[in-house]
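Novice: Let me see the structure of the following:
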Amino acid sequence: MSVQPAMPKCWRVESKPHKFCPGCGHGLVLKALGQAIDELGIQDKVVFGCDIGCSLLSVDFFNVDTVQTHHGRTTPVITGVKRANTDVIGVAYMGDGGGYAIGAQHLVSAATRNERITAILVNNTQYGMTGGQMAPTTMPGQKTETSPYGRDVNTMGYPTQGPEMVAAITQEGAYVARGTVANIKQLKGFIKKALENQMAGNGFSFVEALSTCPTNWRTNAEDTWKFVEQDMTKYFKVGEIKVPGPREEKEGQ
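Specialist: Numbering: from 1, shown residues only. Sure, this is the predicted structure:
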């Protein structure tokens, strides 16, 4: 007798098992997103955009309208979709390279304009799809394919603190949080709040998810979980960083 694992109702069953590497955290982040969509009953309103890199493997994950873009363009594409049809719920899904490197200008622009979309960024501290090169989020001292002696902050700078940056440049009404695949219940709660913030028309919503990449970290299961649960959270603090206050009603809104 086979046992069917519990999946969010908005997932496409025929595309499972998914295409991510064993131990990759993307599946957990997408499960949290799927559960949030189910609980809010918004499957028929969501437009899901995914970026290049590992995140593009989510292109067939959901039974929702989906678009795949390249090099950080998922943020402006979803922004355009939302502006053209304000009734949809736009979700821009990307990795740390797509959001903090080649697509950083799009993330900054959307945040400063307080676009009414939800952006979800997966932080696994390196470029996963291309073999594990140093990324904006690579930890101090962390070895990658392009930092074989470890990231030297004196010559390579410090890792990007994405949610802290977004919180600093957004206006009131924005929602910003950092979760982790090591605490799926909390991560789902953050994503659900980010979607609810968009539905309320408050402002830009951003959730960074700390995630795993044992393939490129070259770690076993125990060391993988220790890195994401203990080591990453020493530098990337988990929690809500900015929450919207009461919305100020303006004439015409």
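Novice: can we go C-alpha only for contacts and neighbour counts from here?
Specialist: Fine.
Novice: and stretch 166-176, how far from the chain's centre?
Specialist: Remark: stretch 166-176 is offset 16 Å from the chain centroid, using Cα atoms, centre = their mean, to the nearest Å.
Novice: If you could redo that for stretch 227-236, that was the one I meant.
Specialist: 17 Å.
Novice: Now do that stretch, average pLDDT.
Specialist: Averaging pLDDT along stretch 227-236 gives 96.
Novice: for it, which positions count as buried?
Specialist: Judged by neighbour count using 16 or more other Cα atoms under 10 Å, the buried positions of stretch 227-236 are F227, V228, E229, M232, F236.
Novice: ok, residues contacting it?
Specialist: Stretch 227-236 is touched from outside by M139, Q161, T180, V181, A182, L210, S211, T212, with contacts defined as Cα atoms under 8 Å, 6 or more residues apart in numbering.
Novice: now swap in stretch 182-195 and tell me
Specialist: Here stretch 182-195 makes contact (Cα under 8 Å, 6+ apart) with 28-29, 32-33, 35-37, 40, 89, 118, 120, 175-181, 205-207, 209, 225, 228-229, 240.
Novice: For the residue nearest to V238 when sequence neighbours are not counted, which residues are in contact?
Specialist: Computed as Cα to Cα, 6 or more residues apart in numbering, the closest residue to V238 that is not its neighbour in sequence is R178, at 5.0 Å. Contacts for R178 were tallied using Cα under 8 Å, 6+ apart; they are P163, L187, F190, V207, E208, A209, L210, K237, V238, G239, E240, I241.
Novice: For my notes, confirm R178 occurs in a helix.
Specialist: No - looking at R178 with DSSP: H, G, I helix; E, B strand; the rest coil, it is strand, so not inside a helix.
Novice: in what helix or strand does G72 lie?
Specialist: If you go by DSSP states H and E, G72 is not part of any helix or strand.
Novice: ok now do the closest residue to it other than its chain neighbours, which residues does it touch?
Specialist: Among residues not flanking G72 along the chain, G103 sits closest, at 3.7 Å (Cα to Cα, 6+ apart). Shown in contact with G103 (Cα under 8 Å, 6+ apart): H71, G72, R73, G97.
Novice: Perfect, that will be all.
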